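Asker: I'll drop the sequence and a predicted model, then ask my questions.
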Protein chains: 2
Amino acid sequence: MRPDDLPEIRHLPLFQGMALENFEALMEKSYAQNFPAGLELIRQGDPADFLHVVLEGSVELYASWAGRECTMAVVRPVSTFILAACIKDAPYLMAARTLGRSRLILVPSADLRQIFRRDPEFAVSVIDELAACYRTMVRNAKSLKLRNSRERVASYLLRQSRLAGDVASYMLPVEKRLLASYLGMTPENLSRTLRTLESAGVKVDGMRVIITDRAKLNALVQPDLLIDGPDPEAISAGIGLPMINAASYRR
Amino acid sequence: MRPDDLPEIRHLPLFQGMALENFEALMEKSYAQNFPAGLELIRQGDPADFLHVVLEGSVELYASWAGRECTMAVVRPVSTFILAACIKDAPYLMAARTLGRSRLILVPSADLRQIFRRDPEFAVSVIDELAACYRTMVRNAKSLKLRNSRERVASYLLRQSRLAGDVASYMLPVEKRLLASYLGMTPENLSRTLRTLESAGVKVDGMRVIITDRAKLNALVQPDLLIDGPDPEAISAGIGLPMINAASYRR
DNA sequence: CCTCCTGATTGATAAATATCAATCATAGAA
DNA sequence: TTCTATGATTGATATTTATCAATCAGGAGG
């Protein structure tokens, strides 16, 4: 592990409250590692031996069944993922693979489980993190069940704009085919949907998104606090598709 | 609150580990109440003032947006719901209404938050519960994204049979229109789908489900541990549609 | 610079799902 | 019991979404 990794991890909401002594003990047992792009880090169903922390790069969480596959989330620095499986000592429900070259820290889940039983502050942080993850997942399910694909696309584009500071233009943080899978649709359908949204106040040219008529887009999306946020709790949850600016994840 | 309510609540995984003293203090601040059928207990967006515990009857958790509505879960005795909102002191993401006459206990979330900071055993229970809720939600989202409606119906029917002890016949625990909403489809579509499933090894006559060819149904469903369980962790989570036999929730 | 590869787009079509309207069935109320 | 209201079912149709096939576009590597 590099010396400058530690402060960054310590800064994570999950780790900043715990006793320094416990933090150091935990990091003692952990190790950092670099991975190439496209590497499968975790397979569905594997035992949850390590909590993962993304320091650099990005990681896709995905699920598969009967030969089908779908993207559940993308995790960007600095966030953790699959905390729940580690806590319960249960098999991972999702698989994970690097999207680009990535640097991760692996924290043995056995040590993790020991420490939150001894360190009440850490327990509180775990509670906060899990509650945030849960609520993010509920928002997600609501979006899937209450909105059709066009509405999901439109709300995604508008939300990303808000997360970047209500900018009128920004770059998509992921490939379109991944975005399509995350939104629960096919790439072809996303492509066509983006075209029809041009008359609804947003234009996508390659990776660039341009909000051409925010009022109109707003009227279509009907953004909902209880689906789209603002969602301060999810920022530390490492769930959902990343924001444009990784820095805003830090706080 | 009735005297015989307390042991039952104390028996819940969430409350059985905590110091008796803290449990009693918490119950001191709580109160039980009876509600008629169809009463809206919680509205989306309301501040999370109370953790709810279902003692008798059943409660539907649902979500709405843009005039649409969908069922997210049904909670049966004895389980809690909306723990995450209480923990985070954040607005409820889902609404709740009684399905039949119901008896609930309302635990003030302010007291709840105070106590898990002082009682490490309770904190651990909260962690377990939240992790279970999260994982249940992930399974749910996987089912929605990876399966079509026919597959969701078939897997639901097979899973209920397993939960009731691999019985060949059982009664649906909820109305079909609610089941349809839970599974993310229209009642009409559920009706038609049930008809087509008769050739796939399961027959539904009114509320009665009869597995006529388990092997065939299994082949269609391809039950997956990581979607359908067995899911010991969800039993205490009060998420998902109820099992046939409420008693099996207790442990 | 070109070539190749992957992802994006487009069009044509098929399949899945929803909607609308009309019964049908049933349980509870009078 | 009969009436009534609600949920379930069915058929016809419309809409949404996926699939298949064929380009198209742009970046990485030679």
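Answerer: Now that the structure is in, tell me what you want to look at. Model, not experiment: these values are computed from the prediction. Numbers count the residues shown, from 1 in each chain, chains lettered A, B, ... in the order given.
Asker: all strands of chain A, in order?
Answerer: Secondary structure of chain A by DSSP state E: the strands cover A:31-35, A:40-42, A:50-56, A:59-65, A:68-75, A:79-81, A:95-98, A:102-108, A:169-171, A:202-205, A:208-211.
Asker: strand partners (parallel or antiparallel) of the fourth one?
Answerer: Pointing back at strand A:59-65 there. Its sheet considered, strand A:59-65 pairs with strand A:68-75 (antiparallel), strand A:95-98 (antiparallel) by DSSP bridges.
Asker: closest to DNA strand D out of those?
Answerer: Taking CB to the nearest atom of the strand as the criterion, strand A:68-75 is the member of those that comes nearest to DNA strand D, at 8.0 Å. Every C-beta, even on glycine, is put in place using the N, C-alpha and C of the backbone.
Asker: buried residues, the closest one. List them.
Answerer: Neighbour-count burial for strand A:68-75, counted by 16 or more other CB atoms under 10 Å in any protein chain shown, picks out A:70-75.
Asker: tell me the one of the residues you listed nearest DNA strand C?
Answerer: Taking those together and measuring to DNA strand C by CB to the nearest atom of the strand, the closest member is A:T71, at 11.8 Å.
Asker: bridged to the closest one, which residues?
Answerer: When A:T71 is checked against DSSP bridges, its beta-bridge partners turn out to be A:Y62.
Asker: just checking, it touches A:Y62?
Answerer: Yes: the criterion here is CB atoms under 8 Å, and A:T71 meets it with A:Y62 at 5.0 Å.
Asker: which residues do the two both contact?
Answerer: The contact sets of A:T71 and A:Y62 overlap at A:S181 (CB atoms under 8 Å, 6 or more residues apart in numbering or on different chains).
Asker: so who does A:A215 touch?
Answerer: For A:A215, the residues meeting the contact criterion (CB under 8 Å, 6+ apart) are A:G201.
Asker: repeat that for the one 10 residues further on.
Answerer: With contact set as CB under 8 Å, 6+ apart, A:L225 has these partners: B:45, B:91.
Asker: hmm, 7 Å instead?
Answerer: For A:L225, the contact set (CB atoms under 7 Å, 6 or more residues apart in numbering or on different chains) comprises B:G45.
Asker: pLDDT at it, what is it?
Answerer: Residue-level confidence at A:L225 comes out at 96, pLDDT.
Asker: which stretches of chain A have low pLDDT?
Answerer: In the prediction, chain A carries residues with pLDDT under 70 at positions A:231-251.
Asker: longest helix in it, please.
Answerer: Ranked by residue count under DSSP state H, the longest helix found in chain A is helix A:120-146.
Asker: that helix and DNA strand D, are they touching?
Answerer: No: figure legend: helix A:120-146 not in contact with DNA strand D (CB under 7 Å from any atom of the strand); closest approach 10.0 Å.
Asker: mind listing what's buried along that helix?
Answerer: In terms of neighbour count (16+ other CB under 10 Å), helix A:120-146 has its buried residues at A:120, A:122-146.
Asker: for A:R103, name its beta-bridge partners.
Answerer: Under the criterion used (DSSP bridges), A:R103 bridges to A:N34, A:E56.
Asker: now do it against A:L51, distance only.
Answerer: A:R103 sits 15 Å away from A:L51 when distances are taken as CB to CB, to the nearest Å.
Asker: can you pull the residues of the stretch 101-250 of chain A lying near chain B?
Answerer: By CB under 7 Å from any CB of the partner chain, the part of the stretch 101-250 of chain A that sits against chain B consists of A:116-117, A:120, A:123-124, A:126-127, A:130-135, A:137-142, A:144-146, A:184, A:222, A:224-227, A:233.
Asker: try it again with 8 Å
Answerer: Where the stretch 101-250 of chain A comes near chain B, counting by CB under 8 Å from any CB of the partner chain, the residues are A:116-118, A:120, A:123-124, A:126-128, A:130-135, A:137-142, A:144-147, A:184, A:222, A:224-227, A:233.
Asker: hmm, back to that, nearest to DNA strand C, out of the strands of chain A?
Answerer: Checking the strands of chain A against DNA strand C by CB to the nearest atom of the strand gives strand A:202-205 as the closest, at 6.5 Å.
Asker: related to what we said a few turns ago, what about A:R103 and A:L51, which has more around it?
Answerer: Taking neighbours as other CB atoms under 10 Å in any protein chain shown, A:R103 and A:L51 compare with A:L51 leading, 23 against 17.
Asker: for that one, list each beta-bridge partner.
Answerer: With beta bridges defined as DSSP bridges, A:L51 has these partners: A:V107.
Asker: domains of chain A?
Answerer: Segmentation of chain A into domains, based on automatic domain parsing, reads A:5-141, A:147-228.
Asker: hey, which of the ones you listed is tucked in deepest?
Answerer: Looking across the domains of chain A with neighbours counted as mean count of other CB atoms under 10 Å in any protein chain shown, the highest average goes to domain A:5-141: a mean of 19.
Asker: so how far is it from its chain's centroid?
Answerer: Domain A:5-141 has its C-alpha centroid displaced from the chain centroid by 11 Å (CA atoms, centre = their mean, to the nearest Å).
Asker: what of stretch A:160-177?
Answerer: Between the mean C-alpha location of stretch A:160-177 and the chain-wide mean there is a distance of 15 Å, by CA atoms, centre = their mean.
Asker: mind checking the end-to-end distance for that stretch?
Answerer: 17 Å (CA to CA, to the nearest Å).
Asker: follow-up on the earlier one: wait, which of the domains of chain A is closest to B:C86?
Answerer: Within the domains of chain A, the stretch nearest B:C86 is domain A:5-141; the backing value is 8.8 Å (CB to CB).
Asker: how long is the closest one from one end to the other?
Answerer: Between the opening and closing residues of domain A:5-141 lies a distance of 34 Å (CA to CA).
Asker: near DNA strand C at all, it?
Answerer: No: no part of domain A:5-141 sits near DNA strand C under the criterion CB under 7 Å from any atom of the strand; the closest distance found is 8.8 Å.
Asker: follow-up on the earlier one: as CSV, the domains of chain A with distance to B:P7 would be great.
Answerer: Shown next, in CSV, are these (distance: least, CB to CB, whole Å):
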stretch, distance to B:P7
domain A:5-141, 26
domain A:147-228, 36
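Asker: residues contacting the closest residue to DNA strand D within chain A?
Answerer: Each residue of chain A has a distance to DNA strand D, by CB to the nearest atom of the strand, and the smallest belongs to A:N148, at 3.3 Å. Contacts of A:N148 were listed using CB under 8 Å, 6+ apart, and none were found.
Asker: next one: the one 5 residues further on
Answerer: If a contact means CB under 8 Å, 6+ apart, then A:V153 has A:183, A:185, A:190, A:193-194, A:197 as its contacts.
Asker: try A:M1
Answerer: Residues touching A:M1, when contacts are defined by CB under 8 Å, 6+ apart, comprise A:27, A:30-32, A:105.
Asker: let's see it at 10 Å
Answerer: With CB atoms under 10 Å, 6 or more residues apart in numbering or on different chains as the criterion, the residues that contact A:M1 are A:9, A:27-28, A:30-33, A:55, A:105.
Asker: thanks a lot, catch you later.
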